[in-house]
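Chemist: Curious how this folds, go ahead:
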Amino acid sequence: SAEAACPVAIGVAVTVDGLQALVSLSEDLPAGESAPSPCSEVNSGYEGSLTLSCSAGSLLVDVSGCAPRGCSADTQATVTLGSTSKIVTPGSPLQSGVSKSM
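Modeler: Coordinates of the predicted model:
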């Protein structure tokens, strides 16, 4: 007999770095198939895709494709030295956790 598909009504609780949300399918998912969903729908500070997989009618989730959102080239930060302040930008995209000397 064929394995059960996952109907669109099924949702699964997904946690990305401490924030949890219910993620649902946008269409029925056949058994053994998978579908991507944006990590930012669970945690806006993350980018990439989580993977929803259907196994015998149960929806499984893999969040290994989620990563902290980096900074865009025009992200601004104010730097103050003594009484002088200046707004700086990285000038190019910067991954989360990476530093850049100016």
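Chemist: Quick check, residue 47 in contact with residue 65.
Modeler: No - the pair residue 47 / residue 65 is not scored as a contact, 9.5 Å apart, by Cβ atoms under 8 Å. Glycine gets a C-beta too; all of them are placed from N, C-alpha and C.
Chemist: any common contacting residues for those two?
Modeler: residue 39 (Cβ atoms under 8 Å, 6 or more residues apart in numbering).
Chemist: Would you check how far apart the residue lying farthest from the centre of the chain and residue 6 are?
Modeler: Computed with Cα atoms, centre = their mean, the residue of the chain farthest from its C-alpha average is residue 83, at 39.1 Å. Using Cβ to Cβ, to the nearest Å, residue 83 is found at 61 Å from residue 6.
Chemist: next one: residue 44
Modeler: Taken as Cβ to Cβ, the span from residue 44 to residue 6 is 26 Å.
Chemist: out of those two, which sits in the busier spot?
Modeler: Taking other Cβ atoms under 10 Å, residue 44 and residue 6 do not tie; residue 6 has more neighbours (25 against 12).
Chemist: Tell me, how many residues neighbour the residue nearest to residue 3 when sequence neighbours are not counted?
Modeler: Leaving aside its sequence neighbours, residue 3 sits nearest to residue 31 (Cβ to Cβ, 6 or more residues apart in numbering; 3.5 Å). If you count neighbours by other Cβ under 10 Å, residue 31 ends up with 15.
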